[in-house]
Structures are given as C-alpha cells and as structure tokens.
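A.B. asks: Return atomic coordinates for the entry below.
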Amino acid sequence: MPTILVVDDDKALRMVIVAALRQKGYKTVEAEDGLEGLEKARSHQPDLIISDVFMDNMNGFVMVESLKADELTSWIPVIMMTSAAQAAGAWETSLAEDYIDKGFSMPELLAKISRILS
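C.D. replies: Numbers count the residues shown, from 1 in each chain. So this is what the prediction gives:
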C-alpha cells in the first residue's frame, strides 16, 4: 500500500487526515512543518505528500521547491492544502501536482489521492 506524508502544523487536521488515510489502508508519515516534512520525505520516500502552505520554520512552497530540486525526492507528487491559495496565486504555480482548498471533504481529498497514485 502506498505511503503518504502529511505535513501540517495544525495537529487536529493532520490527525483527521491521517486517520482517514489509514482507514483506507494507506501507510502514513507525519510532519508538523516544512523542514520536518523535507527530512521525512528524504528518509521515508513517500509515494505522495499532502502539505499545508502556511507553516512555521519552512512554508509548503519552499519545502516543495526543495523537494523538486533534490534527485531523491523530485519525483514525489504533492497536494498543497491552503485556504488562501487562490489569493496567493498558488493555482498558477506548477510545483505541486494538485491543490485543495481547506474546508475540503475527505471524499474529495481521497479522490485526488486516488487519481494521482493510479
């Protein structure tokens, strides 16, 4: 079963996402900021990363730029979660595989994951 890295500084949201993924049979790895996300991506080589944009230490965009610049992690698809992505112009960046607006439903997220991993 694929491994998914969930990177978010909101522990409650991270726990909800991880619980839903585990219920669907995915293996999960968690990180609470972009810096930890980068380290865990390198050490665990997940099949997919779901990351918040706005976090302390290293935001999601900087983390994804670092991942894409590293041969070890450049292949890993990323779904970015944010409530301000459209306003920030995130939809126009090609760094991430996909975006999802915070306030998403779990079936919506699971559908994106399934599409990307298939």
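A.B. asks: how about the helices in this structure?
C.D. replies: Applying DSSP state H to the chain gives helices spanning 11-23, 34-44, 60-68, 85-88, 106-117.
A.B. asks: Tell me who's in contact with the residue nearest the centre of the chain.
C.D. replies: By CA atoms, centre = their mean, the chain has its centre lying nearest to residue 50, at 1.5 Å. The contact partners of residue 50, by CB atoms under 8 Å, 6 or more residues apart in numbering, come to 4, 5, 6, 7, 8, 17, 78, 79, 81, 109, 113. Where C-beta positions appear, they are placed from N, C-alpha and C, glycine not excepted.
A.B. asks: among the residues you listed, who's most crowded?
C.D. replies: Among the contacts of residue 50, the one with the most neighbours (other CB atoms under 10 Å) is residue 7, at 29 neighbours.
A.B. asks: Could you check the pLDDT of residue 76?
C.D. replies: On the pLDDT scale, residue 76 is placed at 96.
A.B. asks: residues in contact with it?
C.D. replies: Residue 76 is in contact with 41, 45, 46, 47, 48, 49, 67, counting by CB under 8 Å, 6+ apart.
A.B. asks: Go again with 10 Å.
C.D. replies: For residue 76, the contacting residues are 5, 41, 45, 46, 47, 48, 49, 64, 67, 68, 70, 97, by CB atoms under 10 Å, 6 or more residues apart in numbering.
A.B. asks: ok, now which ones touch the third one?
C.D. replies: What that stands for is residue 45. Applying CB under 10 Å, 6+ apart, we find residue 45 in contact with 3, 5, 29, 72, 73, 75, 76.
A.B. asks: Buried among those residues? Need that as a selection in ChimeraX.
C.D. replies: Those of the contacts of residue 45 that count as buried under 16 or more other CB atoms under 10 Å are selected in ChimeraX with:
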select :5,29,73,76
